[in-house]
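> I'll drop the sequence and a predicted model, then ask my questions.
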Amino acid sequence: MAMAVPVALAAVGCDGGGASPVVEGTPPAIPYRGPLHVATRPEDDSGPRALRPASGAAGRALECDGQIFEGGGPDGWSRSDGGDTPEDGLRLYFDMVEPGQPDHGYRAEREESDRVLYSFDVGGRTKVAVVVAKDQKGRPGWGPETNAACDPAELPARWADALGYEVWTDRAGERVPVRRLSGSPGSGHCDWQSAHFLTLGDRTYVRDPEGVLGRDGLLDAPYRRRVRMPADARDTGYHRGGRHLWLTADRDTAYVRTPAGVEAWPRADRAIACK
């Protein structure tokens with residue numbers, strides 16, 4: 001059961017300001033050598049298997065440690081939107097799509113007469129890819145064609161934090177993909193800012209110290225600020241900022257150990273969306 005939990009993602013990076021989104025960078029040991037134009041095949045799914053064909057050449061250019069996180073294309077722009085240079089086309093991507101991705105620090109990895117591949121690299125590996133194209137049908141000038149990105153946990157921490165992603169860490173100290181585990185604050189639009197959501201796979205748990213979700217009838221069980229850790233609870237190894245996640249076999253409640261004690265976060269058994 002997928003939970004519709006609102007997460008606010010910034011469309012701008014942490015310190016780009018008016019700077020160019022492109023840097024010189026260091027060429028990777030093995031640059032992308034595939035075609036820059038690959039026909040896309042959109043599907044009615046947001047899973048990794050569907051995102052790869054939907055993101056064309058950008059999806060093929062990624063070098064993820066895990067699975068592709070998001071991607072798409074081609075992105076249309078109007079007759080008056082196209083830019084004079086490939087860099088203008090990249091800027092148009094951020095203006096038009098407003099993705100939850102870094103907005104500067106990209107390197108031109110491959111250049112052809114009518115297409116350029118821009119990559120945002122971490123450790124010499126492409127984590128975000130954007131292909132811009134020139135003079136498409138009915139769309140003169142440069143603009144975005146396809147885009148793709150790895151899981152935000154593969155970005156540097158400063159970027160993931162600035163973009164609004166809560167990345168947890170596992171027992172070995174590795175960053176956990178947000179597709180597997182992610183947290184988010186409640187929406188201020190619905191006056192839920194005192195609440196907090198934690199999504200693990202297909203289950204979402206809720207910290208609701210002021211009872212705002214219980215007040216709206218969205219939770220069947222209450223959040224409990226102080227409980228005794230169940231004898232059969234096991235440490236998942238997942239932790240972030242002093243919070244450690246423990247679960248029992250039924251996984252109906254998230255037990256979160258903090259320096260102050262143990263909290264019980266109830267499982268939301270229905271979709272929660274701020275309207």
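Sure, I can see it. Numbering: from 1, shown residues only.
> please enumerate the helices of the chain.
Secondary structure of the chain (DSSP state H): helices at 48-54, 56-61, 86-97, 157-162, 212-215.
> which residues touch the first one?
This points to helix 48-54. 40-44, 59-60, 67-73, 148 (C-beta atoms under 8 Å, 6 or more residues apart in numbering). No exception for glycine: its C-beta is placed from N, CA and C like everyone else's.
> what's the burial count for the nearest residue to Thr26 once chain neighbours are set aside?
Of all residues not flanking Thr26 in the chain, Gly124 sits nearest, at 7.2 Å (C-beta to C-beta, 6 or more residues apart in numbering). Neighbours of Gly124 under the rule other C-beta atoms under 10 Å: 12.
> and Gly124, what pLDDT?
Gly124 carries a pLDDT value of 90.
> again with Pro53
Here, the pLDDT recorded for Pro53 equals 91.
> list the buried residues in stretch 58-66.
Ala58, Gly59, Arg60, Ala61, Leu62, Glu63, Cys64 (16 or more other C-beta atoms under 10 Å).
> with pLDDT added, can I get those in CSV?
Formatted as CSV, the buried residues of stretch 58-66 follow (pLDDT from 0 to 100):
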residue, pLDDT
Ala58, 97
Gly59, 96
Arg60, 96
Ala61, 97
Leu62, 96
Glu63, 96
Cys64, 96
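> nearest to Pro35 among those residues?
Arg60 (8.2 Å; C-beta to C-beta).
> tell me the spacing between the residue nearest to the closest one when sequence neighbours are not counted and Arg110.
What sits nearest to Arg60 in space, not counting adjacent residues and going by C-beta to C-beta, 6+ apart, is Gly34, at 5.1 Å. Here Gly34 is placed at a distance of 9 Å from Arg110 (C-beta to C-beta, to the nearest Å).
> so these two - more neighbours on which side?
A direct count of neighbours by other C-beta under 10 Å for Gly34 and Arg110 places Arg110 higher, at 18 against 10.
> ok, now which ones touch Leu117?
Tyr32, Leu36, Ala57, Ala58, Ala61, Ala108, Glu109, Arg110, Glu111, Ala129, Val130, Val131.
> can you list the low-confidence ranges for the chain?
Applying pLDDT under 70 to the chain flags residues 1-18, 75, 216-217.
> that one: strands as residue ranges?
Secondary structure of the chain (DSSP state E): strands at 68-72, 107-111, 115-122, 125-136, 139-150, 181-185, 196-200, 203-207, 234-240, 243-247, 253-258, 261-268.
> out of these, nearest to Leu92?
Nearest to Leu92, of all the strands of the chain, is strand 139-150, at 5.1 Å by C-beta to C-beta.
> contacts only, for Pro35.
Ala57.
> can you report phi and psi for it?
Main-chain torsions, Pro35, degrees, to the nearest 10: phi -70, psi 150.
> could you measure from it over to Leu117?
From Pro35 over to Leu117 the distance is 10 Å, taken as C-beta to C-beta.
> thinking again about what came up before, so which of the contacts of helix 48-54 is the most crowded?
That'd be Ala148 among the contacts of helix 48-54, by other C-beta under 10 Å, with 29 neighbours.
> name the nearest residue to the residue most central in space within the chain, sequence neighbours excluded.
For the chain, the residue nearest the mean C-alpha position is Pro152 (4.8 Å; C-alpha atoms, centre = their mean). Leaving out its chain neighbours, the residue that sits closest to Pro152 by C-beta to C-beta, 6+ apart is Tyr165, at 4.2 Å.
> and for that neighbour, the neighbour number?
20.
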